[in-house]
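*Asks:* Here is my input, please return the structure:
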Amino acid sequence: IIEVMPQIGVDATLFAPQTHFKVPSKTQFRIGYVGRFTYEKGLDTLFLAVQQLYRQTDDVRLIMCGSGPDEAELKTEAKALGIDDVVIWRGKIAPTKVPDEIATFDVLALPSKSGNSWKEQFGHVLIEAMCMGVPVVGSTCGEIPNVIGNPDYVFLEGDAEQLFSILSRMRRDPDWHEQARTYGIKRVHEYYTHERIAARLLDLWQTSVERYRQCA
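*Replies:* Residues are numbered from 1 along each chain as shown. Below you'll find the predicted structure:
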């Protein structure tokens, strides 16, 4: 019997949907990123997609939460692309403050790229955002597509045009945004909360023991 499941789930109490959450408005569309500031996370792809979105509307914002070795270069790149006024650098966020930060996003992006010796192993921030009812968009890198579980919210890694198309629709189509929001909540509670992972693991052990007894 083989079943793939994360070792650590998400606390559905801590990462709970906010009662004041609302669909994107024309006031401001906030794209969030939480993680390391490295090029292997595909942040250059995200910048290019945001640049295209900025050409559609000046009310887009990219909220960058984290730190990393490529931060200075990424800030220079954002300026060169003409989106430095759009990008908000929030710095490293304390773990206890991450839910509050995610709650301000209209969508969370994880645009990771595969390297010679690295692929995204899971992307825990995806299930944290999904649990809160924040739609997620991720690349085809590593396990991201399996975690998200819906190709509508997945783009080919490194494809800024495809990422732009998904983000643009998230901004323009409230019904699609709401569909993504409710999908994420349902998927996390079906597969990724601490309780569901524990139950799945218990079921796996019980099935394994029963099959062993039948073969003994």
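
*Asks:* Give the buried residues for the helix ranked longest in the chain.
*Replies:* In the chain, ranked by residue count with DSSP state H as the criterion, the top helix is helix 194-215. Using 16 or more other Cβ atoms under 10 Å as the test for burial, helix 194-215 gives 196, 197, 200. For the C-beta atoms, the positions are set from N, CA and C on the backbone; glycine is no exception.

*Asks:* in the chain, which spans are helices?
*Replies:* Under DSSP H, the chain gives helices at 43-56, 71-80, 98-102, 124-131, 144-148, 160-172, 174-191, 194-215.

*Asks:* any idea which of those is most buried?
*Replies:* helix 124-131 (a mean of 24; mean count of other Cβ atoms under 10 Å).

*Asks:* so who does the residue most central in space within the chain touch?
*Replies:* Nearest to the geometric centre of the chain sits residue 126, at 3.7 Å (Cα atoms, centre = their mean). Contacts for residue 126 (Cβ atoms under 8 Å, 6 or more residues apart in numbering) come out as 108, 110, 136, 138, 144, 147, 148.

*Asks:* contacting residues around the nearest residue in space to the fifth one that is not next to it in sequence?
*Replies:* Nearest non-adjacent residue to residue 144, counting by Cβ to Cβ, 6 or more residues apart in numbering: residue 138, 4.0 Å away. Taking Cβ under 8 Å, 6+ apart as the definition of contact, the neighbours of residue 138 are 109-112, 123, 126, 144-145, 147-148, 153-155.
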